[in-house]
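Q: Predicted structure and sequence below. I'll ask about it afterward.
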Amino acid sequence: MTESDESASLPTHRHGTLVDWYEWGPEPFALAARDQQPVLLSLSTPWCRDCAEMDATVYADPMLAAHIGEGFVPIRVDADRRPGVRERYSMGGFPSTVFTTPAGEPINGATLLDEAGFRGLLDAVRERWAAAGTAAGQVPPALAEEPPPVGRLDSRIEAHMVEQVAEAFDEQFGGWGEAAKFPLAGTIRFALKRDRERGRAALDAALTHLQDADHGGWYRFAENRDWARPHRETLLDENAALLRTATAAYLYTGAERYRQSAAETVAFLESQLWTGQAFAGSRPAPEPAPGDGEEPSWPARDETIFADRNGLAADALLAFSALTDDGEARRLGLETLDHLLETLVNDGVVAHMASSERPRGLLSDQARLLGGLTRASQLTGEQRYTDSARGVADALEPLQSAEGVFIDARPSGPALLDRPLRPLEANVEAALALQTLGALVEDDRYRDWAGDALAGFAGASDRMGAELAPYGAACARQLYEPLVIHTPPAGSDLHRAALRVADHEKVVVPGSGETAVVQRGRERSAPAGSPAALSERVAETSQPSIE
């Protein structure tokens, strides 16, 4: 059976289970409505160890499979290929087991379950369904038809995030979190510019415990506060984010430890995820070694080329190349962008992947590819990347809500896909990329879009924690405007010096002149004719301090 929507009405045994799964599509929901049965959504990913465990236990149990078949319509969803489903139905991790009404409204759910836990949840849903029927479901608050928490952007947002980074920091073990530890690459980058000691301590802890010493890739997270029990699957987007973070740490400190960490991540991406055209989406954790002294075996990687993950990877690789003149990172980044533009972009609209399913125009795909294209424009000065960036940015306009916040996709599809979702993190990524593009092409329209998107969440900013620190960075960049450096052509000494200015949020605009000019807002410096003079101009054009 293929994974196309046309075959969604046909159930099949898959994943080594005894359950007759339907593929995502309108047909199984229509079947559930016809037979007045609840739906079982099982969200999994190719890299997920716990998903495989649940398949081998719960869904391989003959009695449980029979109970599912008798009273439910079961749908299996690959969450990596269906971001809209993932964002609406994830229970906070994978696998996500979600029971819904035929309209797709959640009734109950959980993450990893053993046979006893699943049986208990199954019985609870049956009782709830028998008592309330379709009224048993409830639309999640994030999808309710309520206006976003619009507010005014001011310096207090960044200041609040600085306070959160300090207050929530784990002084004993490093990083943020009282239980599981995620590296929080964006929070580290925020801290590197505003609270460098804690930023470095968090990155050092993640580097020590989550970067594979043998292969260079980064694990997803550790289960314990002290970074013990790491989950060893490696995902392209998380490795790209940490490559950007290690590069930023090297930019600010010059410490060889961070340059080496970034270089090892580049080597991992090339050796383990490069497909010859772009990067594979993920690699599962290794299987245990069969004996002492033997190497663990690695399951097959997911070869799918996702637009959002590859856009982020290209951005990170080119940022590293800009700082170190690493030719291989530059080649990989530019070839990735060229492949995405050739195969996944049509009139600025980005397809999530090359497949018959092809979700298109998703906010995360548009935003992350836009970030990669603006980075390429700064590094190479090639007009084609700037023009492509404008096309991808313009395709964001249909995703703007009346308040200016971007929704994740144009509402379309079964279940809750017909309701708009306003994801904060994707709005931040879009805003940062639009701010950069606006500076590159001197078009205030893109900057205004960014400001509207950020203001749509400002009313809730005082309730945001350290994990959302990138929102504070984007708001500060909107208020003060990014540091912009206009340089001679790409590759010149002044251009290369500008790329090395110690501010990872700056924008470098290669031009045709012989001198460099530093700009913040409408204020422009006197020309600089040498790297030393450029450093002086940058020092004279510092960002306003936090009030």
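A: Perfect, thanks for sending it.
Q: low-scoring stretches of the stretch 401-547 of the chain, by residue?
A: The stretch 401-547 of the chain contains residues with pLDDT under 70 at 542-547.
Q: which stretches of it form strands?
A: 484-487, 507-510, 517-520, 523-524 (DSSP state E, counting those that start in this stretch).
Q: Make CSV out of those strands and add distance to residue 218 and mean neighbour count.
A: (Each C-beta comes from the backbone N, C-alpha and C, glycine too.) Compiled in CSV, the strands of the stretch 401-547 of the chain are given as follows (distance: least, Cβ to Cβ, whole Å; neighbours: other Cβ atoms under 10 Å):
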stretch, distance to residue 218, mean neighbour count
strand 484-487, 31, 25
strand 507-510, 27, 24
strand 517-520, 34, 21
strand 523-524, 40, 12
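Q: export these to a markdown table and tack on distance to residue 142?
A: Output for these, formatted as a markdown table (distance: least, Cβ to Cβ, whole Å):
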| stretch | distance to residue 142 |
| --- | --- |
| strand 484-487 | 35 |
| strand 507-510 | 32 |
| strand 517-520 | 36 |
| strand 523-524 | 40 |
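Q: right, so of the ones you listed, which gets closest to residue 432?
A: strand 507-510 (10.7 Å; Cβ to Cβ).
Q: chain center to that closest one, what's the gap?
A: Distance of strand 507-510 from the chain centroid (Cα atoms, centre = their mean, to the nearest Å) equals 25 Å.
Q: contacts for it?
A: For strand 507-510, the surrounding residues in contact (Cβ atoms under 8 Å, 6 or more residues apart in numbering) are 378, 380-381, 436, 439-440, 482-490, 495, 498-499.
Q: Give me the residue at the spatial middle of this protein.
A: When Cα atoms, centre = their mean is applied to the chain, the residue found nearest the centroid is residue 237 (6.1 Å).
Q: so which of the strands of the stretch 401-547 of the chain gets nearest residue 143?
A: strand 507-510 (35.2 Å).
Q: Which of the contacts of strand 507-510 fall within helices?
A: 378, 380, 436, 439-440, 495, 498-499 (DSSP state H).
Q: Between these, which sits nearest residue 472?
A: residue 436 (17.3 Å).
Q: Just give the closest residue to the closest one, not the sequence neighbours.
A: The spatial neighbour of residue 436 that comes closest, neighbours along the chain excluded (Cβ to Cβ, 6 or more residues apart in numbering), is residue 374 at 4.4 Å.
Q: Now do the one you found against residue 351, distance only.
A: According to Cβ to Cβ, to the nearest Å, residue 374 stands 20 Å off from residue 351.
Q: okay, the two: which has more neighbours?
A: For the pair residue 374 and residue 351, the greater number of neighbours falls to residue 374 (30 against 20), based on other Cβ atoms under 10 Å.
Q: On the pLDDT front, check the more buried one for me.
A: Predicted confidence (pLDDT) for residue 374: 98.
Q: To what extent is the residue nearest to residue 513 when sequence neighbours are not counted buried, counted in neighbours?
A: Among residues not flanking residue 513 along the chain, residue 488 sits closest, at 5.7 Å (Cβ to Cβ, 6+ apart). Residues lying near residue 488 (other Cβ under 10 Å) number 19.
Q: which is the next helix or strand following the lowest-mean-pLDDT helix or strand in the chain?
A: In the chain, no helix or strand scores lower on mean pLDDT, DSSP states H and E than strand 12-13, which sits at a mean of 46. Where DSSP states H and E defines the elements, the next helix or strand beyond strand 12-13 is strand 20-23.
Q: Do me a favour and average the pLDDT over that following strand.
A: According to the model, strand 20-23 has a mean pLDDT of 96.
Q: And it, what's buried?
A: 21-23 (16 or more other Cβ atoms under 10 Å).
Q: again with stretch 463-476
A: 464, 466-476.
Q: Which SSE is immediately downstream of the helix or strand hosting residue 321?
A: Per DSSP H and E, residue 321 falls inside helix 307-324. Later in the chain than helix 307-324, the nearest helix or strand by DSSP H and E is helix 327-343.
Q: before we move on, the earlier item: present the buried residues of strand 20-23 as JSON lines; the columns should include distance to residue 70.
A: Listed next are these as JSON lines, based on distance: Cβ to Cβ, whole Å:
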{"residue": "21", "distance to residue 70": "15"}
{"residue": "22", "distance to residue 70": "15"}
{"residue": "23", "distance to residue 70": "21"}
